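Asks: build me a structure from this.
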Amino acid sequence: MPDSSARLDLPFIMPSQAQKHVTHNEAIERLDLLVQLTVAAFDATSPPTEPAEGQVWALGAAPGGVWAGHAETLAAFVQGGWVFISPRPGWRAVAGAELRIWSGSAWVAPTVELQNVAGVGINASSDATNRLAVAAAATLLSHDGAGHQLKINKATPGDTASLLFQTGFSGRAEMGTAGDDDFAIKVSADGADWHDALIVDAASGAVDMPNGAKVAGSEVYRRDNTLGTVSQSGGIPTGAIIQRGSNANGEFVRYADGTQICWTTIDAGNSAATGDGTFSSPYRSANFTWNFPASFVGAPVVAGAVSGDDNGIIRTHVFSLRFVTSTQISQARVVRIGSNDSSFPVIAHIVAHGRWF
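Replies: Residues are numbered from 1 along each chain as shown. I've put the predicted structure just below:
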């Protein structure tokens with residue numbers, strides 16, 4: 001029969017042994033040291049000057065003083081002296097909140113198997129939806145010698161695979177594939193109303209910005225906002241590039257740079273003789289006024305041409321006017337040059353060119 005136990009080396013009380021209490025107390029004392037093993041420090045090398053009764057140190061590879069020659073053992077202060085115990089592989093010891101296991105050659109931190117666990121919380125609590133929860137200033141995912149990919153997988157195209165950015169646990173931005181396989185970036189000011197900022201078609205790679213785009217604060221022009229209402233602020237265009245319009249006074253076009261062109265066709269009546277004697281051929285139409293279909297910022301440049309036909313005979317006419325303002329021309333007329341035979345109708349084609357700002 002052996003004299004001690006196989007695992008903790010506790011002394012046995014032998015048959016017919018005298019002073020059995022000595023052996024019993026020695027075993028109790030050893031149990032008191034090793035069960036729920038707590039050490040003052042791991043890898044200790046310098047003995048304390050005033051150790052307390054029952055304190056234990058896990059010695060390092062080269063201890064000194066009274067510990068010399070007892071490397072990698074447990075040094076326990078018992079009844080005013082030192083007891084040295086050799087640990088067995090698998091023994092566990094705690095120093096403060098640190099847990100280590102004796103590997104047979106060193107005290108090492110335990111390894112934890114994290115396969116198929118229900119959840120992991122790092123400085124946070126995981127739940128059935130958030131199986132991994134991390135509360136930290138940053139989270140690092142690095143390479144293991146080459147590149148690194150973060151993979152977010154979904155079951156079907158109708159599901160969601162995305163990164164959601166929140167403020168106070170309320171969504172503010174999301175990027176990924178949601179509801180289909182097109183890649184999208186969308187934003188929200190309140191977590192309820194969302195706006196698509198960018199959509200990349202999965203089949204073609206075509207990029208769509210449904211709500212427009214800006215560069216340095218200015219809107220980027222595209223097919224659906226090239227034509228529209230032009231506007232400006234301090235001489236800087238703020239609306240469409242080209243504006244086209246018409247009304248009862250004619251037609252006009254405005255450009256973002258401030259250019260404006262107005263035009264119309266006016267029936268000047270006819271060039272019957274009026275006999276005022278001012279011209280060599282004193283034949284003119286009645287005076288007329290043209291109100292521009294869009295106002296100019298100042299008086300524009302006005303030009304006109306005249307068309308008319310008297311039974312196949314082309315007559316020569318001159319368009320003339322007296323007053324030009326930012327909103328109209330007045331006392332305009334058509335004058336016939338040459339023959340003074342019978343009158344016939346004439347049409348004035350007029351163009352005004354200037355600026356709208």
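Asks: for this structure, which spans come out with low pLDDT?
Replies: With pLDDT under 70 as the threshold, the chain has low-confidence stretches at 1, 4-10, 21-25, 32, 269-283, 308-316, 337-345.
Asks: can you report how many residues neighbour Asn130?
Replies: Other residues within reach of Asn130, judged by other Cβ atoms under 10 Å, total 12. Where you see a C-beta, it was placed from the backbone N, CA and C, and this is true even at glycine.
Asks: nearest spatial neighbour of it, skipping sequence neighbours?
Replies: Spatial nearest neighbour of Asn130, chain neighbours left out: Gly119 (7.9 Å); criterion: Cβ to Cβ, 6 or more residues apart in numbering.
Asks: with His349 instead?
Replies: Take His349 and drop its neighbours on the chain: the residue closest to it by Cβ to Cβ, 6+ apart is Ala305, 4.8 Å away.
Asks: that neighbour: helix or strand, and which one exactly?
Replies: With secondary structure defined by DSSP states H and E, Ala305 is part of strand 301-308.
Asks: what are the pairing partners of that strand, and which direction each?
Replies: Taking DSSP bridges as the criterion, strand 301-308 forms sheet pairs with strand 345-355 (antiparallel).
Asks: what's next to the strand it pairs with, contact-wise?
Replies: Applying Cβ atoms under 8 Å, 6 or more residues apart in numbering, the set of residues contacting strand 345-355 from outside is 258-271, 285, 288, 290, 292, 296-308, 317, 319, 326, 329, 332, 334, 336.
Asks: likewise for stretch 203-211?
Replies: Applying Cβ under 8 Å, 6+ apart, the contact partners of stretch 203-211 are 195-201.
Asks: how about a cut-off of 10 Å?
Replies: Defining contact as Cβ atoms under 10 Å, 6 or more residues apart in numbering, one finds that stretch 203-211 is touched by 181-187, 195-201, 213, 220, 222.
Asks: buried ones among these?
Replies: Restricting those to buried positions leaves 182-187, 197-199, with burial counted as 16 or more other Cβ atoms under 10 Å.
Asks: can I get those residues in CSV including secondary structure?
Replies: Below are the buried ones among the contacts of stretch 203-211 laid out as CSV (DSSP: H, G, I helix; E, B strand; the rest coil):
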residue, secondary structure
Asp182, coil
Phe183, strand
Ala184, strand
Ile185, strand
Lys186, strand
Val187, strand
Ala197, strand
Leu198, strand
Ile199, strand
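Asks: let me have those residues in JSON lines, extended by distance to Leu59.
Replies: JSON lines is the format used below for the buried ones among the contacts of stretch 203-211 (distance: Cβ to Cβ, whole Å):
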{"residue": "Asp182", "distance to Leu59": "64"}
{"residue": "Phe183", "distance to Leu59": "60"}
{"residue": "Ala184", "distance to Leu59": "62"}
{"residue": "Ile185", "distance to Leu59": "60"}
{"residue": "Lys186", "distance to Leu59": "62"}
{"residue": "Val187", "distance to Leu59": "61"}
{"residue": "Ala197", "distance to Leu59": "63"}
{"residue": "Leu198", "distance to Leu59": "63"}
{"residue": "Ile199", "distance to Leu59": "66"}
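Asks: of all pairs in the residues you listed, which one is the farthest apart?
Replies: In these, the most distant members under the criterion Cβ to Cβ are Asp182 and Val187, with 16.5 Å between them.
Asks: related to what we said a few turns ago, what sits against the residue nearest to Asn130?
Replies: Contacts of Gly119 were listed using Cβ under 10 Å, 6+ apart, and they are 125-133.
Asks: one more time with 8 Å
Replies: Contact criterion Cβ under 8 Å, 6+ apart gives 126-128, 130-133 as the residues in contact with Gly119.
Asks: strands - which of the residues you listed land there?
Replies: In strands, defined here by DSSP state E, the members of these are 132-133.
Asks: just the buried subset of the contacts of Gly119, please.
Replies: For the contacts of Gly119, a burial check counting by 16+ other Cβ under 10 Å picks out Ser126.
Asks: can you classify the residue positioned nearest the centre of the chain as helix, strand or coil?
Replies: A centroid search over the chain (Cα atoms, centre = their mean) returns Ala173, at 6.5 Å, as the residue closest to the centre. For Ala173, the secondary structure call by three-state DSSP comes out as strand.
Asks: for beta bridges, what are the partners of it?
Replies: Here Ala173 shows beta-bridge partners Phe165, Val187, assigned using DSSP bridges.
Asks: correct me if wrong: the residue nearest to His349 contacts Phe319.
Replies: Yes - between Ala305 and Phe319 there is a contact under Cβ atoms under 8 Å: 6.6 Å.
Asks: these two: which is more packed in?
Replies: With neighbours defined as other Cβ under 10 Å, Ala305 and Phe319 compare such that Phe319 has more, 20 against 12.
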